[in-house]
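Trainee: how would this look folded up:
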Amino acid sequence: MECKICHNFHRKFWCANCIRKNLHSYKVETNQITYDKQKNVDQANKFLSGTMRNIQVNVAEKHAKIQKIRIKCFPAILRSSGSR
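Mentor: Coordinates of the predicted model:
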């Protein structure tokens, strides 16, 4: 807001030139944010629907199986280490 009309903050009036500049900068910022958001959504969808998702599921299942084995074998490990 470089003009004398818009420079006065007590008025709720903007001239056509200043509002045009402000709307242009707002649209540029909004377009960039929308582009970044869409790019992130596309990456997330690609990750969740592609082979990476299958790899993540397999790794999670593997860790769950390992945890179950550890829970089942833990009492036996304690018994064997205590008898030494």
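Trainee: give me the element K72 is part of.
Mentor: According to DSSP states H and E, K72 maps onto helix 51-82.
Trainee: That helix packs against which elements?
Mentor: If contacts are counted by 3 or more Cβ pairs under 8 Å, 6 or more residues apart in numbering; DSSP states H and E, helix 51-82 sits against no helix or strand. Placement of C-beta: from N, CA and C, glycine included.
Trainee: before we move on, which element is the residue nearest in space to the middle of the chain in?
Mentor: The residue lying closest to the centre of the chain (Cα atoms, centre = their mean) is N40, at 7.3 Å. Per DSSP H and E: N40 is located in helix 16-49.
Trainee: now that helix, how far from the centre of its chain.
Mentor: Computed by Cα atoms, centre = their mean, to the nearest Å, the chain-centroid distance of helix 16-49 equals 15 Å.
Trainee: Next, the buried residues of it.
Mentor: Within helix 16-49, the residues scored as buried using 16 or more other Cβ atoms under 10 Å are C18.
Trainee: Under a three-state scheme, what state does F13 occupy?
Mentor: Using DSSP: H, G, I helix; E, B strand; the rest coil, the secondary structure recorded for F13 is coil.
Trainee: Quick check: phi and psi on it?
Mentor: phi -130, psi 140 (degrees, to the nearest 10).
Trainee: what about it, distance to N58?
Mentor: 63 Å (Cβ to Cβ, to the nearest Å).
Trainee: what do you get for I33?
Mentor: Distance from I33 to N58, by Cβ to Cβ: 36 Å.
Trainee: what's the answer for N31, then?
Mentor: 39 Å.
Trainee: try P75
Mentor: 29 Å.
Trainee: And for K21?
Mentor: Taking Cβ to Cβ, one finds K21 at 54 Å from N58.
Trainee: rewinding a little: what pLDDT, on average, does the helix holding K72 get?
Mentor: Helix 51-82 shows a mean pLDDT of 81.
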